[in-house]
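A.B. asks: Predicted model and sequence follow; I will ask about them next.
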Amino acid sequence: SAVISQKPSRDICQRGTSLTIQCQVDSQVTMMFWYRQQPGQSLTLIATANQGSEATYESGFVIDKFPISRPNLTFSTLTVSNMSPEDSSIYLCSVVAVGYEQYFGPGTRLTVT
Amino acid sequence: GENVEQHPSTLSVQEGDSAVIKCTYSDSASNYFPWYKQELGKRPQLIIDIRSNVGEKKDQRIAVTLNKTAKHFSLHITETQPEDSAVYFCAPLRKTSYDKVIFGPGTSLSVIP
């Protein structure tokens, strides 16, 4: 298993500003992912954070809006840039264990006013 | 890409009854079939998974069955308890393509005491 922490746990931000979410894992992992989950909805993959290279983004998500860093095998950040109310959501980071099961961080609840 | 559906979208059962949730997928190359449980306000957690070389797996009150020919797998919960109330997600994938994880839309299970 993997223990994952995220900071901040929640934030209220004004439109037009940016927020950086941090994800820390207690062990080295190759694959780290960022998801968005809107209220009452399923999880939507934003991007795969690759160590030593650029993140791989899913359709509908772009680097300018959601820049990601992955400086080492235990840490990643996701920035939500130039926020609008539509960005209000829960953002979760996730890692994959050796057996392919996913473990999730506790999430960051973002509200944009 | 993978198309994942779950049925039903909501399910309400009496405590002690059984619950079955079905997940259908489109990618015939999928070979890993997990179920995640997400309680209100919490992160998703893996509760059971199955690989493509077996047809059924059981863990106490929960079980998963797989029909690869028909491209569906099901979560079975017996002797339901109020703490089983949650949203359940399936997320079938190819283990070689973890960057393409698609979560199903979710099934909200309510267990009535």
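C.D. replies: Perfect, I can see it now.
A.B. asks: can you pull the contacts of the residue lying closest to B:Ser110 once chain neighbours are set aside?
C.D. replies: Spatial nearest neighbour of B:Ser110, excluding adjacent residues (C-beta to C-beta, 6 or more residues apart in numbering or on different chains): B:Ser12 at 4.6 Å. Heads up, the C-betas are built off the backbone N, CA and C, glycines and all. Residues in contact with B:Ser12, defined by C-beta atoms under 8 Å, 6 or more residues apart in numbering or on different chains, are B:Leu109, B:Ser110, B:Val111, B:Ile112.
A.B. asks: So which of these belong to strands?
C.D. replies: Within those, membership in strands is found for B:Leu109, B:Ser110, B:Val111, B:Ile112, as judged by DSSP state E.
A.B. asks: Return the distance of B:Ala63 relative to chain A.
C.D. replies: 17 Å (C-beta to the nearest C-beta, to the nearest Å).
A.B. asks: now for the helix or strand where that residue lies, which elements pack on it?
C.D. replies: When elements are assigned from DSSP states H and E, B:Ala63 belongs to strand B:62-67. In terms of contacts (3 or more C-beta pairs under 8 Å, 6 or more residues apart in numbering or on different chains; DSSP states H and E), strand B:62-67 is packed against strand B:32-38, strand B:45-51, strand B:56-59, strand B:72-77.
A.B. asks: repeat that for 10 Å
C.D. replies: Where contact means 3 or more C-beta pairs under 10 Å, 6 or more residues apart in numbering or on different chains; DSSP states H and E, strand B:62-67 is packed against strand B:19-25, strand B:32-38, strand B:45-51, strand B:56-59, strand B:72-77.
A.B. asks: what's the closest of the ones you listed to A:Leu45?
C.D. replies: When the helices and strands packed on strand B:62-67 are compared by C-beta to C-beta, strand B:32-38 sits nearest A:Leu45, at 13.8 Å.
A.B. asks: ok and the closest one relative to strand B:19-25, angle-wise?
C.D. replies: Between the axis of strand B:32-38 and that of strand B:19-25 there is an angle of 130 degrees, by axes from the mean of the first three to the mean of the last three C-alpha atoms, to 10 degrees.
A.B. asks: Report the distance from strand B:32-38 to the chain centre.
C.D. replies: Distance of strand B:32-38 from the chain centroid (C-alpha atoms, centre = their mean, to the nearest Å) equals 5 Å.
A.B. asks: what is the rounded mean pLDDT of that strand?
C.D. replies: Averaged over strand B:32-38, pLDDT sits at 95.
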